[in-house]
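Asks: need coordinates for the following:
(chains A and B)
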Amino acid sequence: MSDDQFAIQLRKLNRYFGRKHVVRDLNLRVPKGQVTALLGLNGAGKTTTIRMLMGLLAPTRGHASVLGEDALAMSTGTRAKVGYLVEGHFLYPSMRVRDCQSFQRAGYPTWNDHLFVDIVDHFGIDRQAKVSTLSRGQRAGVALALVLAPDPELLVLDDPALGLDPVSRRALNETLVEFAGNGKRTVLLSTHLIDDVERIADRVAVMVGGRLKVDTSLDEFVGRVSMLSLPESSIDADQLASLTGLIEARRLGSGTTARWQLTLVDVDESATNQIERLSGTPPERMEATLNEAVLAYLVRERGDGSFFSKPLIAKANEEGATV
Amino acid sequence: MRAIFKKELGDLMRWIPLGMIVCVVMLWRELPSNSQEALEVDSELATAAALVAATLAFGLGLLQSVFDARSDARGYLMHRPLSAASIYWAKTAAGFAAYSLTMLPGMLIAAIYLAAKGPEQLPTSAWQVAPVVWLSVVAFAFHPTAVWMIYRQAKWLGTKALPAVFVCGGLLLCWLIVAQTPLSNSFAVVSLLASLGITLLVLTLFAARHAFVAESLLAETPMTTAGWPRPSQWPGIIGITLSATILFGTVATIAVTSTVEAFSDSSGDYTTYNLRMSKDGEFYEQSRTVENQQWDAPTIKVRPVDSDSEFQTVDNNWPAADAAAFVDVSSFGSHPLRPYRLLANVTTDRVPFRQVTLVQHADKLLVYGKSLIAVVTPEGVFDSFDDATGAFKDQLFYVPLLWNTQPYYSQFDGNQLFVDGNAAVYQFNRDDLSVTKLLESQVDEITLLLSSSANRPPTLWTRSGNQVSEHQLETRNPKNDVPVAPAPDLKGHHTVELPRIEVTATETYELVSNAARAQGSLLVVASTADGRLAAIRSIYGSSDTFRVEYQFLEVDSQNDSPQTAAMPMPLSRGPVDWFVAFTLPPLLTGTIVFARANTTPGSSNAVPRIALVMAHSMIALLVTVWLSRRFDLSKKRCFSWLAGAILTGFGAPLGMLAIYRRPRREICRKCGEKSRVDLETCQHCGESWATPELEGIEILDLDATSSIDAKAAVSMA
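Replies: Presented below is the predicted three-dimensional model:
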């Protein structure tokens, strides 16, 4: 694919905050006409990456371009073609909804008042209402309407579903599907909601610890990640660590019924044979969902399991014994 | 841009009424109720306005920037089809509009009040608000300063707030010119005020613009370190360097002077030296020592001029010749921002409380009691300003004749003398409040020489260039006695009543001087024994000694040059001055030292001061070089800062500390050296930064992430 087929291109993008290396050597291209979901835990570097590609934060090293222009020197014409929804659906609290409309409209040659009104009405929002009186879902609706009304070529959404109720989320998803449906518009969507990604995204990119681990189409991603199950007693953790392509090893259950649930990438016959050699039993193959595949990557950054250092039941038993 | 302006102004509107009330109250408090207050109203209003305006501008700047500095608010504001600079200017314009709306009512009320009162009730006019308007415009620099502070990259609050030092210093300087300094040249004052104000505003506006547009992007190093500084970076660099220079100079000077004073002997003697003539026509060097700050009981010692003998203590009966010091009337003028000038407070029987204030306004002399009593011109005395006809030629200068003539401190009361624009001498008649012209000739300096002998009447002396004229006087009313100097008293203070006088004869003498334009204090002395007259001119400089020229005044003198004597400087702060010279910017100190050395021939102690200036520059240069390496600055930037260090001394390295940050470095995998992380390649070996190793779990679509590095990395894995 040639360069002009990508709406966003990030090349060896790096960003430090003090000693912390937040974004590491990020190479990412977002093809035009597709919805790309950017996934990652809090602190993985998604918002930092988006701020850099919107020209709001200087990269420490590397380069970001949007619609063919350097992100740090984006012209006003290019900015008019990019819709950017900031994290938290920020709006000026002192404004009324109609004030937001007239404030945002300035400078956009393709602003569509009807589209704005349609979206606002869709969310059931009174245009005379003050932003400070709106619910979070309504604020999200206004913010989305402000971003979509200029009919942008590229839409960059930073966690648009943050804090939304299920109905608002569904409305948001429907709006996005409709917006990107004709294949002429590009969407980069940063989110934590994998279910939403499955509904609206064409591609998925997963950031772990500031690095890009996945950047592919949704189907290929799900197709290349496999899950296997083994009895826990058949293999120890050190042996598991030597497995090629192991994304995550998760122990399920306890006692004699405990089993390892392994998530691996690109599992072929030789990989299965290797596991069988080590464990002495053939692994049981399971179907991996998008949710499970993504989670397998994400838990690599942060330890999995309960927040409690000891299981609550064990703790209760200890306390009972003491009493 | 209009949408941003409208939105910002709308947000600020809620604060305007509160600010308006504060501004009106603060200015109203300073409005005058009597003529004394009225004459100071411009400086009082300027002081109040400067405080209110600076606080208001700073507050508005914070309101407009703190909230928008949050990443979500900033993202929402900045991502629109407008350049970042346009957004900045729209916000600033809205801030200025809100600021003007807040300040305007207070200034309007003050202007209306002053216009209504003057000049018939009080010496006031609406024009007196002009300094307030100007200072308010300049004080708006605090608005971009707040923006500059919020958006500039600095970790420590002290360095973040550094721009405020420069703006405070600039505004203080403007306020001093407006409220305090009586500069004589209108063009100089207006030019100085305009250039200072414009420089301050332009520097802060563009420095804040750079901070808002570029520094807010939080680059790894707050300012790029390569090449020459870009034009947009200069205002910030200059402002921060000036701030650091002002801060260092102020703190170091206070520290040095307070330390030296703390360890110095506060009960030390204070000695001044002069040349004096005795009644027998001999010249003597005189020392006058005040011990333990007993100013009324000095110890007077004398010795013959140019002798190496010890000073001999003398008492009050030492036969000093009568003497009077000239008053310079050539270098005083009007303040262009002040329509009224206080001339003098004089006593008169015309009003019940016996004191009136003489004020010049529009080439007329206004006499105020509780309100306007009379308007005086050479054509007569008038009841109302509008009725008055005639005018003085130029600025009037009240001749105080209260001058340290040593041995006399004489104060004249009664019918005071005025000089009209160096061209005529008038006497104010306190009985009928009129003026009488005594002389019409060029006057640079003037004095009245009283005699202690009844045989010798007082004489009025004027100097114009090298011509000194002696004017014989007579009282207009024969019943009045001519004033006579009190009995010789080396330590006395006297008040002499001056009756109405007239000039009867004039004699002119030639002053001979080695100085091309002789400067310094001039004393005329008369020897009562044989009636000889002499002139003594002290020419001060920066050295430890000062030169005194003296000559007898004779009508057909054949002297080509005066006799000279070297006298110790009256006061020398010695090492304190040296240390203070070390703390000030080398450019400033060097200029002062150089100028003094050139204007004072034989100045001997300029060398140690110049050495100190050089030492200051050298240390600052060394620190600058070290910091340039630490911050990894380019050679061009290093040269710029070295030039700054030569001019400002320690201000430059302190400015560097406030502007730059040491770039983060990591070890290059190829050469093993630490290299800057913000460069694309290793600064030592030129190798690109190594791509992080793959873990074997990556799923990267090569069509989409087809960077060469990624492909190579995947194939290796």
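Asks: so what's the nearest residue to A:Gln34 once chain neighbours are set aside scoring on pLDDT?
Replies: Excluding the flanking residues, the one nearest A:Gln34 by CB to CB, 6 or more residues apart in numbering or on different chains is A:Asp202, at 4.1 Å. Every residue, glycine included, has its C-beta placed from N, CA and C. In this prediction, A:Asp202 carries a pLDDT score of 90.
Asks: does A:Asp202 really touch A:Ser217, like I thought?
Replies: Yes - with contacts counted by CB atoms under 8 Å, A:Asp202 reaches A:Ser217, the gap being 6.4 Å.
Asks: all strands of the stretch 401-550 of chain B, in order?
Replies: Ranges of strands in the stretch 401-550 of chain B, per DSSP state E, counting those that start in this stretch, are B:403-404, B:409-414, B:417-420, B:424-429, B:434-440, B:445-449, B:459-464, B:467-475, B:493-498, B:501-510, B:521-526, B:533-539, B:545-553.
Asks: thought B:Ser330 was touching B:Val419?
Replies: No - counting by CB under 8 Å, B:Ser330 stays clear of B:Val419, with 9.3 Å between them.
Asks: so for the two, which residue has more residues nearby?
Replies: Per other CB atoms under 10 Å in any protein chain shown, whichever of B:Ser330 and B:Val419 has more neighbours is B:Val419, with 26 against 15.
Asks: give me the element the closest residue to chain A within the stretch 501-650 of chain B is part of.
Replies: Going by CB to the nearest CB, chain A is nearest to B:Asp632 of the stretch 501-650 of chain B, at 14.5 Å. B:Asp632 is part of no helix or strand, with elements assigned from DSSP states H and E.
Asks: what of A:Leu228?
Replies: Using DSSP H and E, A:Leu228 sits in strand A:225-231.
Asks: got the buried residues for the next helix or strand after that strand?
Replies: Downstream of strand A:225-231, the first helix or strand assigned by DSSP H and E is helix A:237-241. By 16 or more other CB atoms under 10 Å in any protein chain shown, the buried positions in helix A:237-241 come out as A:Leu240.
Asks: helix or strand for the spatially most central residue of chain A, which one?
Replies: Geometric centre of chain A, nearest residue: A:Leu39, 2.4 Å, by CA atoms, centre = their mean. When elements are assigned from DSSP H and E, A:Leu39 belongs to strand A:35-40.
Asks: sheet-wise, list the partners of that strand with their directions.
Replies: Sheet pairing for strand A:35-40, assigned by DSSP bridges, gives strand A:186-191 (parallel), strand A:203-208 (parallel).
Asks: can stretch B:653-662 be found next to chain A?
Replies: No - counting by CB under 8 Å from any CB of the partner chain, no contacts exist between stretch B:653-662 and chain A, the nearest distance being 10.1 Å.
Asks: hang on, the earlier thing: what do B:Ser330 and B:Val419 both touch?
Replies: Between them, B:Ser330 and B:Val419 share these contacting residues under CB atoms under 8 Å, 6 or more residues apart in numbering or on different chains: B:Val443.
Asks: what about the helices in chain A?
Replies: A:46-53, A:76-80, A:97-105, A:113-122, A:136-148, A:166-180, A:194-200, A:218-224, A:237-241, A:269-279, A:290-298, A:312-322 (DSSP state H).
Asks: that older thread, which of the residues in the strand holding A:Leu228 are buried?
Replies: For strand A:225-231, burial by neighbour count (16+ other CB under 10 Å) applies to A:225-228, A:230-231.
Asks: ok, those residues vs chain B, which is closest?
Replies: The shortest approach to chain B among those belongs to A:Val225, at 7.6 Å (CB to the nearest CB).
Asks: what are the bridge partners for the residue of the stretch 201-323 of chain A found nearest chain B, then?
Replies: Of all residues in the stretch 201-323 of chain A, the one sitting closest to chain B is A:Thr216 (4.0 Å; CB to the nearest CB). Counting by DSSP bridges, A:Thr216 forms beta bridges with A:Val204.
Asks: quick check: phi and psi on the residue nearest to A:Gln34?
Replies: Here is the backbone geometry of A:Asp202 (degrees, to the nearest 10): phi -100, psi -30.
Asks: need the pLDDT of residue 189.
Replies: All of this is about chain A. Turning to A:Leu189, the model gives it a pLDDT of 91.
Asks: actually it's chain B I care about, not the one you picked
Replies: Looking at B:Val189, the pLDDT reads 76.
Asks: mind putting the strands of the stretch 401-550 of chain B into a markdown table with mean pLDDT and distance to A:Val23?
Replies: Converted to a markdown table, those look like this (pLDDT from 0 to 100; distance: least, CB to CB, whole Å):
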| stretch | mean pLDDT | distance to A:Val23 |
| --- | --- | --- |
| strand B:403-404 | 43 | 75 |
| strand B:409-414 | 64 | 79 |
| strand B:417-420 | 86 | 77 |
| strand B:424-429 | 91 | 82 |
| strand B:434-440 | 91 | 84 |
| strand B:445-449 | 85 | 77 |
| strand B:459-464 | 88 | 80 |
| strand B:467-475 | 87 | 84 |
| strand B:493-498 | 69 | 81 |
| strand B:501-510 | 86 | 86 |
| strand B:521-526 | 75 | 74 |
| strand B:533-539 | 84 | 72 |
| strand B:545-553 | 82 | 71 |
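Asks: now distance to B:Met107 too, for these, in JSON lines please.
Replies: Output for the strands of the stretch 401-550 of chain B, formatted as JSON lines (distance: least, CB to CB, whole Å):
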{"stretch": "strand B:403-404", "distance to B:Met107": "41"}
{"stretch": "strand B:409-414", "distance to B:Met107": "41"}
{"stretch": "strand B:417-420", "distance to B:Met107": "34"}
{"stretch": "strand B:424-429", "distance to B:Met107": "36"}
{"stretch": "strand B:434-440", "distance to B:Met107": "37"}
{"stretch": "strand B:445-449", "distance to B:Met107": "41"}
{"stretch": "strand B:459-464", "distance to B:Met107": "44"}
{"stretch": "strand B:467-475", "distance to B:Met107": "49"}
{"stretch": "strand B:493-498", "distance to B:Met107": "43"}
{"stretch": "strand B:501-510", "distance to B:Met107": "47"}
{"stretch": "strand B:521-526", "distance to B:Met107": "43"}
{"stretch": "strand B:533-539", "distance to B:Met107": "47"}
{"stretch": "strand B:545-553", "distance to B:Met107": "48"}
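Asks: distance to chain A for these - can I get that in TSV?
Replies: Compiled in TSV, the strands of the stretch 401-550 of chain B are given as follows (distance: least, CB to the nearest CB, whole Å):
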stretch	distance to chain A
strand B:403-404	65
strand B:409-414	66
strand B:417-420	62
strand B:424-429	64
strand B:434-440	65
strand B:445-449	66
strand B:459-464	69
strand B:467-475	72
strand B:493-498	69
strand B:501-510	75
strand B:521-526	63
strand B:533-539	62
strand B:545-553	61
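Asks: and of those, who's closest to B:Asp11?
Replies: strand B:417-420 (57.1 Å; CB to CB).
Asks: listing partners with orientation, what would you give for that closest one?
Replies: Strand pairing for strand B:417-420, determined by DSSP bridges: strand B:396-399 (antiparallel), strand B:424-429 (antiparallel).
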